[in-house]
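J.: fold the following, please.
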Amino acid sequence: MSKTKVLISASILLFAVSGALAIEPLPETEIHGLEGVKLEIYQRPPKAKKPGEKRQAPPRKPPVPVKFPGDLTVSDDLPERTRNWFPWDPTGVNNFPTSTECTQDSLRDLIWKNRKACDQGKAINGWIERCGNEISSPFSRHSFVPLIKYATMTYDFLDNPYVHAVKATLPDGRMLTGFVAMKPDDKPRPFIIAKCGVFCNAEQSTTHRAFMMHLFDESPFHVLTLANITGSDFQKTNKAFSVGGFDEGRQLYQIAQLVRSPDSPIAHRISSVHVMGASLGGNGALYSGLYSSLNDPPGIQSIQSVTAVCPVVVVENSAKRLYSAKPISTVATFETLNQIKRVFSFVPVLGKILPEGWHKLRGSKLYSKITEAIFEYYRDWTAQHPWDLKPFVGTKVTSIEQFWKLNDFRYYMNDVRVPTLTIAAENDGLVKVDGNSKLLMEALKKTPSDYLDTVFFKQGNHCAFGLANGWGNYSMLLREYVLTHSPEALDHWKPRTVRLEGARADLIQGERVVQATWQAHETEEFMELTYTIFSSRMTGESMECSFDRLYKADSRCYRQQKISIPLRDLPLPSKEPPMGDYEVTSLTRFANTRFSLLNKDHELAVNSPYPPEYVQVWEWR
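T.: Take a look at the predicted model:
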């Protein structure tokens, strides 16, 4: 790959985690210095249709009324949407047909058979080791292609009438922005609090999109996604120059306490709380579980599970590499200087630390000044208000070395009592696993924990696990891990099976259905089901197809059969035809990530000698 292509790829990589295509921030409001946490949920105003814009779906019925007294208030403002450069719609289909042992259904079964986080990590790693060659291609292990696809997927989650902008005011007076999505019913459900990565604001960035797709559209959860404390909006609003899970984990823990508190008007709609973080947000997620483990009464934890995706584990290692490793350091320098320009007049510590001509700083010199400004910010803050949560009660930041240690999760992992899973890719080009997740893995080998384990994919680069390893596989992993640590799931997460009328695949002897994909169409009252069928003889040829290569044979060994299935015959949340891009894409992904086809014996029909006769979906009841 040429130097130019590498630099372009690295630029897109950084966009993937930072959401660099920005939108207008929420309007500033006065900080009241409240002693408790406050959330403001913003109500969607009517939106005028632009010339040539596709029609978007109106809500099918009004959302379940939710009153927001006291700590939750409603306004009529919402950010503008972000534009994407190379838009494409994810369908939720896995990359390749796989053997029965490597289906997403088999992954679900493994996760449920092993209920401790440490055992789940081992089981998932075993599945990846066995199935890696089936779920991905060798090409994806050594390229930026999955990451570029991850960064350029289109999806306007603000077209969903149940997604709202949100602003959180923390006990220390600082404010965070993000989005909240709540299912349109009154059933208590798991509530996910998710944090995006470095430089991320509350905008339609790649990470916010991924959270909404996997956790809201494809899963039975309510979702709150929040901006990162390194984002320009947070730093401008709060006059802060902040970073790290030591701080960010505290915020996540406090918000978890709020939404489950007796005074919360949405507490009755929340059955458990879980935290998820991506990239630098993963560091905050790890620390949220630490705070919940040490500060909640025994048996009454505010957080039931933590998932850290492509996480920063040792902040100092990732920060140094960001400004020293080519070509990513060039992109990081450009993004950092741009951010400083945006926040310089709002953040006093920058004027105190940065020299004249700071816009010419590069590499190690820029890193040195950035770390000095971060240290000054936390030194001044903790000198006035020492840290108030275990294991850091009374802590004052007195050196940059101490600050980096506070943000090295390995020192505190043995105190964690919240089930915690980290998910990383060995070929991560931004957050190198050798300086992060593998260090955590080595530490766990020395002092194993029942509550903590690490999962490694061979491919996925930085957070693009679904694109490299199969969208449905990754969605299943995220969803079922959370559900196994939701005590209420045993009573509410149930399968429903319906007969597929008129959907029988026409198989001749020796043929197998190796893959089934679903596609919704705008305003149509049916979904299109496409069977990929393996034949024992090549199409139009006399050559035989080997069953040894049932899943990755010559393309002439497969044929397709398409069938239209009425929506009324499928186990869907709504029988209404989809209206607009949002409903079409979300319905398509729901079917491809949640539907399982069964044969006459109620076993998986894919890869069996019998055609599909039933469709099964697990749903929240």
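J.: contacts only, for G282.
T.: By CB atoms under 8 Å, 6 or more residues apart in numbering, the contact set of G282 is 195, 197, 308-313, 422. Yep, even glycine has a C-beta here, placed from its N, CA and C like the rest.
J.: what's near enough to touch the spatially most central residue of the chain?
T.: Computing the C-alpha centroid of the chain and ranking residues by CA atoms, centre = their mean puts F211 first, at 3.7 Å. By CB under 8 Å, 6+ apart, F211 lies in contact with 192, 194, 196, 223, 225, 276, 278.
J.: tell me how far it lies from R559.
T.: Using CB to CB, to the nearest Å, F211 is found at 38 Å from R559.
J.: also P90?
T.: Distance, P90 to R559, by CB to CB: 25 Å.
J.: between the two, which one's more packed in?
T.: Between P90 and R559, counting by other CB atoms under 10 Å, P90 is the more crowded of the two (22 against 12).
J.: need the nearest residue in space to that one, chain neighbours excluded.
T.: M153 (5.3 Å; CB to CB, 6 or more residues apart in numbering).
J.: also C200?
T.: Excluding the flanking residues, the one nearest C200 by CB to CB, 6+ apart is N228, at 4.3 Å.
J.: my read is that P190 contacts T484, right?
T.: No: using CB atoms under 8 Å as the test, P190 is too far from T484 to be in contact (11.0 Å).
J.: show me how this protein divides into domains.
T.: 3-48+63-78+156-344+361-371+407-465, 493-620 (automatic domain parsing).
J.: now these in CSV, with mean pLDDT and distance to W127?
T.: Below are the domains of the chain laid out as CSV (pLDDT from 0 to 100; distance: least, CB to CB, whole Å):
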stretch, mean pLDDT, distance to W127
domain 3-48+63-78+156-344+361-371+407-465, 83, 10
domain 493-620, 91, 16
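J.: mind putting these into TSV with distance to D105?
T.: Putting the domains of the chain into TSV (distance: least, CB to CB, whole Å) gives the following:
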stretch	distance to D105
domain 3-48+63-78+156-344+361-371+407-465	15
domain 493-620	5
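J.: from those domains, which stretch is densest packed?
T.: domain 3-48+63-78+156-344+361-371+407-465 (a mean of 21; mean count of other CB atoms under 10 Å).
J.: that one: how far from the chain's middle?
T.: 9 Å (CA atoms, centre = their mean, to the nearest Å).
J.: next: stretch 146-160.
T.: Put simply, stretch 146-160 sits 12 Å off its chain's centre (CA atoms, centre = their mean).
J.: for that stretch, measure first residue to last.
T.: Using CA to CA, to the nearest Å, the end-to-end distance of stretch 146-160 comes to 26 Å.
J.: what helix or strand is the residue nearest to the centre of the chain located in?
T.: Taking DSSP states H and E as the definition, F211 sits inside helix 206-211.
J.: over to W618?
T.: Counting by DSSP H and E, W618 is found in strand 614-620.
J.: ranges for the helices of the stretch 51-200 of the chain?
T.: All helices of the stretch 51-200 of the chain, identified by DSSP state H, counting those that start in this stretch, fall at 104-113, 117-135, 145-152.
J.: check the stretch 451-600 of the chain too.
T.: In order along the chain, the stretch 451-600 of the chain carries the following helices (DSSP H, counting those that start in this stretch): 465-469, 471-484, 489-492, 580-594.
J.: can you tell me which of the ones you listed is nearest to Y412?
T.: helix 471-484 (21.7 Å; CB to CB).
J.: extract the C-alpha trace of the closest one and format it as PDB.
T.: Extracted as PDB, the C-alpha positions of helix 471-484 are listed here (Å, rounded to 0.1, in the frame of the first residue of the first chain):
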ATOM      1  CA  TRP A 471     -22.600  -8.500  11.300                       C
ATOM      2  CA  GLY A 472     -25.000 -11.000  12.800                       C
ATOM      3  CA  ASN A 473     -22.200 -12.800  14.700                       C
ATOM      4  CA  TYR A 474     -21.100  -9.500  16.300                       C
ATOM      5  CA  SER A 475     -24.600  -8.300  17.000                       C
ATOM      6  CA  MET A 476     -25.300 -11.700  18.700                       C
ATOM      7  CA  LEU A 477     -22.200 -11.400  20.800                       C
ATOM      8  CA  LEU A 478     -23.000  -8.000  22.200                       C
ATOM      9  CA  ARG A 479     -26.700  -8.700  22.800                       C
ATOM     10  CA  GLU A 480     -26.400 -12.100  24.400                       C
ATOM     11  CA  TYR A 481     -23.500 -11.200  26.700                       C
ATOM     12  CA  VAL A 482     -25.700  -8.400  28.100                       C
ATOM     13  CA  LEU A 483     -28.700 -10.600  28.500                       C
ATOM     14  CA  THR A 484     -26.800 -13.300  30.300                       C
END
